[in-house]
Structure formats: structure tokens, C-alpha cells
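In: Structure for this input, please:
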Amino acid sequence: MAIDFQSVRKQISEMGERAPARAREFNDKKRAAADLLTGNAINLEMLGQRVQAALAFNANLRSAVPGSEPLDAQFPLPEMPEKAALLAADGSQIYPDRHGPSPFSLINVGAICMLLGKTVPPSQTVTSALLYDDEMYTDNGLITESLVALMRDLGERELLAELAAGLQAPILTLTDGPLELWEPREESGDTYRKKFDEYIAALRKLYKVGASTAGYIDKPGSDLLVRLLEIASLSLEDLKLAGKQRPFIRLTDVDLLESILGPFERSAIFGIQSKNAVRYTDELAIHFFYLNVGKTASGLPYLARVEIPAWVAGDSEMVDTLHAVLVQQCRVLGTRPFPYLLHRSHEVAVVTLDEKKQVEDMIAMELHKQGVYTGTQSYKSSVKEVGGRSRFSNRR
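Out: Presented below is the predicted three-dimensional model:
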């Protein structure tokens, strides 16, 4: 038995005893935040000034920034465009394994292209990049999972830009997860910064080919709008506490907006104040909105967060087209609303455990053919596999 169920059962009982009080506290926070939302819905300039003033006290402040739309705005579902080129990309990877016989990594990117308004079937593209020898090392040693993940995200955007360049407008490109990436604390070498610069350049390529692009975040847990309301609740004298005093902690943006957004409606578009914003300037400045794409199994609204760059946020036609297409894509999967093409791109890109083993065997055979010793699997890894492995984790 791997779990001490007697101990866990006692803790679950304690959790249950506290649950009613915590639920009442949570609902009180939700009502207070909702009052702030409606009370400040059109105080956009004042709120923007408060965010800037709070920055003087907290350089690491992270929150939503008001745009030109009321905080509690609701935008109905627009008409579907008669034609559009829709591209979705996803990536998968084999992380470097120091317990394996040979050091390598692999990045697999899959893309699906669908031409709305035409009868041609969707097309798919797959690119696979094997990292080995010097590519496996940086100034700090063996390549990290963070760097491999960045290279995967870079590969997704570069493939989308390449495919979009041969299509006619309107062009929409989708990826799974946020557009806003940042440098992890553990990464300090030039290699990561170089790849990050290439990621920014890939986003600019999408801008130059005239494509709208978006990152789709399913079941978001972010609280950027809630943090903005916390700033709104502070007096001018207390702005030094912005981002540090959290009266609405545990409350998410979805908690706040699920009772406001009707079926298939989107929220206002917000900017993002973050320490990382200096990397996303001008047309790349990251914005976001929430979208009601359907219902949960219990009948509650199901909200997604959609991240878009400034060149999309500032173009109402691009926003409307993205809004309509995302809802249409989510409706394809019925009671489990998620963009169909993103689901398909994941299926195309995913690397299975069997495929990982095949790559390992191919490497071993080639090296042996060349008379090169490949090393051995660690005993720790081989012992774990005695009982068999049921899955291979290759996604973030």
C-alpha cells in the first residue's frame, strides 16, 4: 500500500469540517470583488493610473490593466466569417534522461490547417528535431527541461509562421497555453536568452504575414483581474501594499466572471502588467480576454482565457473573427468544449512511450554500427521498469 489511508481519511474529515466556513468566506470575497467590478467598470483611466502608481512600490507587480472596454463588458457571439485559414499547432518532447543509455532529446511539433469555406480536408504537418552531442549542453551543463520546453514553444510558432506565409487572409493561428513566456529563475545562461529572443522573433513573423494569433488556456486559474480589483480597493496611501496584501486570495477571474458572461460571450480585453512585459513591446504586448465556450457537466458556464498580442487586440475584426471561430471549434466536441483543431494538433504531435523506445533503439543501433559504446541505463531506472511502465509523461 503506497498511501496511509487511515491518516489521509482523518485529514479529509478535518478538511470537510472546515469546508462550510471556508465556503462562506469565499462567497463573501466573491460578492465584495463583484461590487468592486461593477463599481469601477468605467473608471478605466483611474485604474490604469493606480496600477502605474503601485509600480513605484512593487516592481514585480502582476495584474490586469484596463483597456478601452468596461471591466464588466459582455460581447455577444459574432457571425462566422465566410472564409478563413485556421492553423493550430502543438508540441511534444522527449526530455533528456541522465538515467538512459545515451543522452538525447527530441522535440516534435504538429500542425493542422483547415480552410473554412472550402471543401478540402484539413492538412497536417509534423516536424521532428533530435538534439544530441553539443546540442545537449549549455554553459551550465546538460540542457534543462525548461530550455527544451522553450524550444518546443518556439518550434510551434515558427511552424505556424511558415505555414501562414502561404495562405490568404484572414489567417488565424492557435496554440495550447499562454503566449506570454518568461525566463525561469533557474535559467541564467546565454542559450536560454538566445532561444527566447528567437521566440519573440517568431511572434513578429506572424505579425508580418498578417496572421492573428492566440494562445488558448483551458480551465484557467489566473487572477489578473482580481489583482486589479485588489489595487482598486486600496487607498492612495496604501498602494505600497499592492500585490502584497491579498484580500481576495483564492478567488480567480473565472469565479468572478462566470456569473456575468452569457453563453458564448467574451469579456473585455485587458492588458497585462508584469515584470516580463518589457520583453513584449509594441505590437507584441500581451493582452487577454475570457470566453464562455460552453457548460460544465454540472451546468455551470465553462470559461477559457485567450491571450492575444496587441496587433490582434487593436483590430476589432480580428477579435470578432477569433471569437466566432473559437466558439465554433469548441462546439465541435459537444459536451467537452475545447478547440477541435487544437485537439487534433495534439494528437499529431504527441510522442508515445513506444515511440520513445523506438528512438532509443535506433540511436543504439546506429552507434553500435559505428563502433561507438552507448553506455548503460541506470540501475535506478531499470529497477523501476521491472513492474512495467504504463505511461510516458512528455507534456508540460
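
In: In contact with the residue most central in space within the chain, which residues?
Out: In the chain, the C-alpha nearest the mean C-alpha coordinate belongs to residue 177, at 1.9 Å (C-alpha atoms, centre = their mean). If a contact means C-beta atoms under 8 Å, 6 or more residues apart in numbering, then residue 177 has 153, 215-217, 396 as its contacts. Just so you know, the C-beta spots here come from the backbone N, C-alpha and C atoms, and that holds for glycine as well.

In: out of these, which one sits closest to residue 29?
Out: residue 217 (22.7 Å; C-beta to C-beta).

In: so who does the closest one touch?
Out: If you count contacts by C-beta under 8 Å, 6+ apart, residue 217 has them with 177-178, 304-307.

In: Flag the shaky bits of the chain, pLDDT-wise.
Out: Residues of the chain meeting the criterion pLDDT under 70: 1, 100, 188, 375-396.

In: Tell me which stretches of it form strands.
Out: Per DSSP state E, the chain has strands spanning 63-65, 84-94, 105-116, 123-131, 137-138, 141-142, 171-176, 212-217, 270-273, 286-295, 301-309. These are given in chain order.

In: Make a markdown table out of those and add distance to residue 44.
Out: Written out in a markdown table, the entries for the strands of the chain read as follows (distance: least, C-beta to C-beta, whole Å):
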| stretch | distance to residue 44 |
| --- | --- |
| strand 63-65 | 9 |
| strand 84-94 | 31 |
| strand 105-116 | 34 |
| strand 123-131 | 42 |
| strand 137-138 | 44 |
| strand 141-142 | 48 |
| strand 171-176 | 28 |
| strand 212-217 | 23 |
| strand 270-273 | 10 |
| strand 286-295 | 14 |
| strand 301-309 | 19 |
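
In: All the helices of the chain, residue numbers only.
Out: When secondary structure is read from DSSP state H, the chain shows helices at 5-39, 44-55, 145-164, 190-208, 224-233, 253-257, 310-313, 316-332, 340-349, 353-369, 379-384.

In: From residue 94, how far out is residue 145?
Out: 11 Å (C-beta to C-beta, to the nearest Å).

In: Compare the two and say which is more crowded by neighbours.
Out: For residue 145 versus residue 94, the count of surrounding residues by other C-beta atoms under 10 Å is larger for residue 94: 21 against 14.

In: what bridges to the more buried one?
Out: Listed beta-bridge partners, residue 94: residue 106 (assigned using DSSP bridges).

In: That one and residue 359 touch, don't they?
Out: Yes. Because the distance of 6.9 Å satisfies C-beta atoms under 8 Å, residue 94 is recorded as touching residue 359.

In: and for the two, which residues touch both?
Out: Contact with both residue 94 and residue 359 is made by residues 104, 106, according to C-beta under 8 Å, 6+ apart.

In: quick one: which of the contacts of residue 217 is nearest residue 79?
Out: residue 306 (18.5 Å).

In: Just give the closest residue to residue 337, not the sequence neighbours.
Out: residue 294 (3.5 Å; C-beta to C-beta, 6 or more residues apart in numbering).

In: repeat for residue 36
Out: By the measure of C-beta to C-beta, 6+ apart, the closest residue to residue 36 outside its immediate chain neighbours is residue 229, 4.5 Å from it.

In: Look up how far residue 29 lies from that neighbour.
Out: As for residue 229, its distance to residue 29 is 10 Å (criterion: C-beta to C-beta).

In: got any residues that touch both of those two?
Out: Overlap between the contact sets of residue 229 and residue 29, as judged by C-beta under 8 Å, 6+ apart, is given by residue 248.

In: just to revisit the earlier point, looking at the strands of the chain, which is nearest to residue 184?
Out: Of these, the one closest to residue 184 (C-beta to C-beta) turns out to be strand 137-138, at 13.4 Å.

In: Sheet partners, orientation included, of the closest one?
Out: Each strand that pairs with strand 137-138, with its direction, by DSSP bridges: strand 141-142 (antiparallel).

In: picking up where we left off before, residue 370 is nearest to which of the strands of the chain?
Out: Proximity of the strands of the chain to residue 370 was assessed by C-beta to C-beta; the nearest stretch is strand 123-131, lying at 15.9 Å.

In: List the contacts of that closest one.
Out: Contacts with strand 123-131, where a contact means C-beta under 8 Å, 6+ apart, come from 96, 104-113, 143, 148, 151, 155, 159, 163, 344, 348-349, 359.

In: now stretch 223-232
Out: Applying C-beta under 8 Å, 6+ apart, the set of residues contacting stretch 223-232 from outside is 33, 36-37, 40, 43, 47, 50-51, 54, 62-66, 71, 239, 242-243, 245-248, 251-253, 256-257, 270, 272, 288.
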